[in-house]
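J.: what would the 3D arrangement of this be:
(6 chains)
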Number of protein chains: 6
Amino acid sequence: MSSFSHLDENGKAKMVDVTEKSDTDRVAVAIGEVILGEEVFWKIRDNEVEKGDVLTVAKIAGIQAAKKTYEFIPLCHNIFISNISLRLELKEESKSVVITAEAKTVSKTGVEMEALTAVSVAALTVYDMCKAISKSMVISGIKLLHKSGGKSGDYTYGE
Amino acid sequence: MSSFSHLDENGKAKMVDVTEKSDTDRVAVAIGEVILGEEVFWKIRDNEVEKGDVLTVAKIAGIQAAKKTYEFIPLCHNIFISNISLRLELKEESKSVVITAEAKTVSKTGVEMEALTAVSVAALTVYDMCKAISKSMVISGIKLLHKSGGKSGDYTYGE
Amino acid sequence: MSSFSHLDENGKAKMVDVTEKSDTDRVAVAIGEVILGEEVFWKIRDNEVEKGDVLTVAKIAGIQAAKKTYEFIPLCHNIFISNISLRLELKEESKSVVITAEAKTVSKTGVEMEALTAVSVAALTVYDMCKAISKSMVISGIKLLHKSGGKSGDYTYGE
Amino acid sequence: MSSFSHLDENGKAKMVDVTEKSDTDRVAVAIGEVILGEEVFWKIRDNEVEKGDVLTVAKIAGIQAAKKTYEFIPLCHNIFISNISLRLELKEESKSVVITAEAKTVSKTGVEMEALTAVSVAALTVYDMCKAISKSMVISGIKLLHKSGGKSGDYTYGE
Amino acid sequence: MSSFSHLDENGKAKMVDVTEKSDTDRVAVAIGEVILGEEVFWKIRDNEVEKGDVLTVAKIAGIQAAKKTYEFIPLCHNIFISNISLRLELKEESKSVVITAEAKTVSKTGVEMEALTAVSVAALTVYDMCKAISKSMVISGIKLLHKSGGKSGDYTYGE
Amino acid sequence: MSSFSHLDENGKAKMVDVTEKSDTDRVAVAIGEVILGEEVFWKIRDNEVEKGDVLTVAKIAGIQAAKKTYEFIPLCHNIFISNISLRLELKEESKSVVITAEAKTVSKTGVEMEALTAVSVAALTVYDMCKAISKSMVISGIKLLHKSGGKSGDYTYGE
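T.: Model prediction:
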């Protein structure tokens, strides 16, 4: 059956085989922003959005999505997530909410996609909860801020 | 049991009750962009990304995610989606891929979140497939371009 | 192919065929209770549970579970839910939280299971969020309070 | 926005847009077989498989999978299923179990994939429950036996 | 990036970070009851419920739900479950079915929620399968009977 | 609580308790075929199927389904999959596509069901994408070709 080790060589859409990698502590931090506009910004700040407490619901949505990252990112592995935490901060100068997510695992592969997915789904949830007020919100600047652990080592955005 | 029609009045985290709305044709178009950088841009253009054909995989991921929008956006309804289509276009001047998604339904509520989710998950999939080449990609400018149908009528971004 | 209309007659584990039923408005209300004990009761009331705002998280969990009822109740239909709303009320005399859920649809079959599932999962979420304080909480009295719509007509518990 | 009606013309991986189709009654019947071999055949017949009652578990697995067809078949629509029924019959001459599934809907698109998925997952479940006895079982002959309803009309295999 | 270790300090809805915990054997046993009433009790005992074999279907539903606990309990970890077993026993004196579920893992966190979820979903499935006979069934007394393993040690209800 | 180790002895539908097993490298390879017929065969070969690139979409569907095997095969464990790879080959003499899937894990239990599920769902996806051309395709010969690792040792079909 030796040829099976080459199964994907000419193929497309292949996962990375992580069988031989070791379980190590891995952390990833991602960030993103939802530009809300004046009206939405103040309504969130005053917790006056009709659908409910926007920041709490968005945080929960982000946590749940991170645990299911492997379901919607086709080539991601279904790893154990030892922690996901999200912080949502209102930024008055840009009338936006800044979303930071940190994902942690002890696994054979990293959690960059889990952190990025948490930010994205939290941002979409903010949009959903506020879209009756304004449809002009923009989700922007989603990127990996930092990662550590694994063979490829540490990474910090912009360094 | 008349008080149940007021069940959420003092509460938080409430869905919009769409029981009384009529089924009408609804369309939503969303857009977003992944800033790839030089190296990733050319590798996608030449279909040289090791994980496979990036644009096809991202398109499928977007279609599948749109159908499951109600699973990760907590207050979305589980509506029937009559069509989702995605277009991914490489834009050389910005070294980016522009993702457009159109969602359609015949339902009691709109498909804005489905279109935005399709764009977001397609963008995350592009990131995932190319992150071995560069981790500095940025997902940006996700917004609703257009919607039609439903009581609130037509909407076009910037108009 | 006429015999196929009798496909399940000698079988087991069969769904109810609702093809011929008409789409009508249907509502179901379910109720249940989590007996918290002194310590948990006061910590929830004062929003001092370490994992976060218990009642909001439980409400969201209930809404999301209701939309996925057909996934874990094997013979349930995958119907469109036009609204789910939950109310969680602290009851000092019994040191408990009372959970009421109302589910609505316009469909060929009822939403009793969706309302009961929303209550159950909200109750489990309360347990999860407070189990670091006490493991002796008991989930109790989950039942259908009321339903209307459909061929079998109205039902009220105890009448 | 007129160009959006042509969104996928040059693309790949596209769903069929069913927005304009009408809701009609649709039925599909699929069939398949698991060649069990002597030992597994008699153990199922005598309900002696250690994991439990094979035919009941397989039937439930098939029903549940049919309801989630749109989750794993990327370009399928998330339609309402009004009924799924499975019949599993032991066939002594071939030492096999024959699986028939009938799916029904009132929808804009057909249920062929739901019937075929029900058969496939029921067959996989039979394999799973019996694989401690024999790993040489073969799943075979999965095909659409019959469909009715929809614009393309009736179809019967072999006619 | 040191501040990220404090990411949730002022926040809400946070998971417990289990990154530093060790993988140990953990077991949890939960229990609950469905008060059936006379008619449903005897129909289940005689396997005369039209939807099929109630206890087998409920057992499978409980097993499947336990594996997906992390999907509907927002702050639960997605752990590997090494075993779930359910026992459903008819109790004639109370005309009820008593459901016991035992969950096991080798993991960084416990399986209390998995055992409680298995009981709850099995109970809901009993309700669903019998609700055509009676809608007055009540799900009651769901609690954690026993747990072992992990830093917090053993726990037995009532001790 | 000693009796709980015997919880399932008289029961049905039981998982295999793998708590005491050790994590070892495990590999499984499964195979299957879709008999396409003339017209479908040539349209796939020439990439002229209207729904898009059949082999790429089927490959992705197979990968995603393998990661969710435990969701639709009721008694499967939710294991970590370290790799899934699929190969789809057109075979002119039989006018068919042959699907091979290899699944790998480092776990307490094997990946036979994951490999078989990947083949089955890739086959169903081929059917779905081509059914507008012909409904007479047949999915056939799905079997386990090879497995290694675990207490039961190596297995090769036909040896």
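J.: now do the contacts for residue A:14.
T.: Residue A:14 makes contact with A:8, A:75, B:50, B:51, B:52, F:85, according to CB atoms under 8 Å, 6 or more residues apart in numbering or on different chains. No exception for glycine: its C-beta is placed from N, CA and C like everyone else's.
J.: buried only: go through those for me.
T.: Taking 16 or more other CB atoms under 10 Å in any protein chain shown as the criterion, what is buried in those is A:8, A:75, B:51, B:52, F:85.
J.: of the contacts of residue A:14, just say which sits nearest to chain D.
T.: Nearest to chain D, judged by CB to the nearest CB, of those is residue B:52 at 12.9 Å.
J.: how close does the closest one sit to residue F:154?
T.: Separation of residue B:52 from residue F:154 (CB to CB, to the nearest Å): 30 Å.
J.: ok, residue A:103 next?
T.: Note on residue A:103: its distance to residue F:154, by CB to CB, is 37 Å.
J.: tell me which of the two has more neighbours.
T.: Ranked by neighbour count (other CB atoms under 10 Å in any protein chain shown), residue A:103 and residue F:154 place residue A:103 first, with 31 against 12.
J.: quick one, what contacts that one?
T.: So residue A:103 contacts A:27-30, A:66, A:81, A:83-84, A:111-112, A:114-115, A:118 (CB under 8 Å, 6+ apart).
J.: let me know the helix or strand that it is in.
T.: Taking DSSP states H and E as the criterion, residue A:103 maps to strand A:96-107.
J.: can you pull the alpha-carbon coordinates of the lengthiest helix in chain A into CSV?
T.: In chain A, with assignment by DSSP state H, the single longest helix is helix A:112-130. Extracted C-alpha coordinates of helix A:112-130, given in CSV (Å, rounded to 0.1, in the frame of the first residue of the first chain):
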residue,chain,number,x,y,z
GLU,A,112,-5.2,30.5,13.7
MET,A,113,-8.4,29.6,11.8
GLU,A,114,-10.3,29.2,15.0
ALA,A,115,-9.3,32.7,16.2
LEU,A,116,-10.1,34.2,12.8
THR,A,117,-13.4,32.4,12.6
ALA,A,118,-14.4,33.6,16.1
VAL,A,119,-13.7,37.2,15.1
SER,A,120,-15.6,36.8,11.8
VAL,A,121,-18.7,35.3,13.3
ALA,A,122,-18.8,37.7,16.2
ALA,A,123,-18.7,40.5,13.6
LEU,A,124,-21.5,39.0,11.5
THR,A,125,-23.6,38.7,14.7
VAL,A,126,-23.0,42.3,15.5
TYR,A,127,-24.2,43.1,11.9
ASP,A,128,-27.3,40.8,12.3
MET,A,129,-28.4,42.4,15.6
CYS,A,130,-28.0,45.9,14.4
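J.: after it, which helix or strand is next?
T.: Counting by DSSP H and E, the next helix or strand C-terminal to helix A:112-130 is strand A:138-148.
J.: now do that next one, average pLDDT.
T.: The average pLDDT for strand A:138-148 rounds to 97.
J.: just give me how far that strand sits from the chain centre.
T.: Taking CA atoms, centre = their mean, to the nearest Å, one finds strand A:138-148 lying 8 Å from the centre of the chain it belongs to.
J.: and what of stretch A:73-93?
T.: Mean-position distance between stretch A:73-93 and its chain equals 4 Å (CA atoms, centre = their mean).
J.: intersect the buried ones among the contacts of residue A:14 with the contacts of chain C.
T.: Subset of these in contact with chain C: empty, counting by CB under 8 Å from any CB of the partner chain.
J.: ok, so of these, who is nearest residue D:23?
T.: When these are compared for distance to residue D:23 (CB to CB), residue A:75 comes out closest, at 36.6 Å.
J.: burial measure for the nearest residue to the closest one once chain neighbours are set aside, as a count.
T.: In space, residue A:75 comes closest to residue A:15 once its chain neighbours are excluded; the distance is 4.9 Å by CB to CB, 6 or more residues apart in numbering or on different chains. Residue A:15 has 23 neighbours, counted by other CB under 10 Å.
J.: doesn't residue F:83 make contact with residue A:15?
T.: Yes. Applying CB atoms under 8 Å, one finds residue A:15 in contact with residue F:83, separated by 5.5 Å.
J.: centre of the chain versus the strand holding residue A:103, how much separation?
T.: On CA atoms, centre = their mean, the centre of strand A:96-107 falls 6 Å from that of its chain.
J.: repeat that for stretch A:137-151.
T.: Distance of stretch A:137-151 from its chain centroid, counting by CA atoms, centre = their mean, is 7 Å.
J.: with stretch A:56-75 instead?
T.: When C-alpha coordinates are averaged (CA atoms, centre = their mean), stretch A:56-75 and its chain have centres 7 Å apart.
J.: buried residues in that stretch?
T.: Across stretch A:56-75, burial judged by 16+ other CB under 10 Å covers A:56-75.
J.: check stretch A:26-38 too.
T.: By 16+ other CB under 10 Å, the buried positions in stretch A:26-38 come out as A:26, A:27, A:28, A:29, A:30, A:31, A:32, A:33, A:34, A:35, A:36, A:37.
J.: give me the distance between the closest residue to residue A:45 other than its chain neighbours and chain E.
T.: Distance criterion CB to CB, 6+ apart; nearest residue to residue A:45, sequence neighbours excluded, is residue A:90 at 5.7 Å. Separation of residue A:90 from chain E (CB to the nearest CB, to the nearest Å): 13 Å.
J.: so who does residue A:90 touch?
T.: Applying CB under 8 Å, 6+ apart, the residues contacting residue A:90 are A:41, A:44, A:45, A:96, A:97.
J.: what's the closest of the residues you listed to chain F?
T.: Nearest member of these to chain F, counting by CB to the nearest CB, is residue A:97, at 31.5 Å.
J.: burial count for the nearest residue to residue A:65 once chain neighbours are set aside?
T.: The spatial neighbour of residue A:65 that comes closest, neighbours along the chain excluded (CB to CB, 6+ apart), is residue A:121 at 3.6 Å. When counting by other CB under 10 Å, one arrives at 31 neighbours for residue A:121.
J.: how about residue A:46?
T.: By the criterion of other CB under 10 Å, residue A:46 has 8 neighbours.
J.: quick one: low-confidence residue ranges for chain A.
T.: The model of chain A has pLDDT under 70 over residues A:1-12.
J.: what residues does it put near chain C?
T.: Neighbours of chain C within chain A, by CB under 8 Å from any CB: A:52, A:53, A:56, A:57, A:60, A:64.
J.: show me what the helix or strand hosting the fifth one is packed up against.
T.: Secondary-structure assignment from DSSP H and E places residue A:60 in helix A:54-67. Helices and strands touching helix A:54-67, by 3 or more CB pairs under 8 Å, 6 or more residues apart in numbering or on different chains; DSSP states H and E, are strand A:83-91, strand A:96-107, helix A:112-130, helix B:69-72, helix C:54-67, helix E:69-72.
J.: in TSV, list the ones you listed along with distance to residue D:139.
T.: Output for the helices and strands packed on helix A:54-67, formatted as TSV (distance: least, CB to CB, whole Å):
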stretch	distance to residue D:139
strand A:83-91	38
strand A:96-107	33
helix A:112-130	33
helix B:69-72	30
helix C:54-67	33
helix E:69-72	28
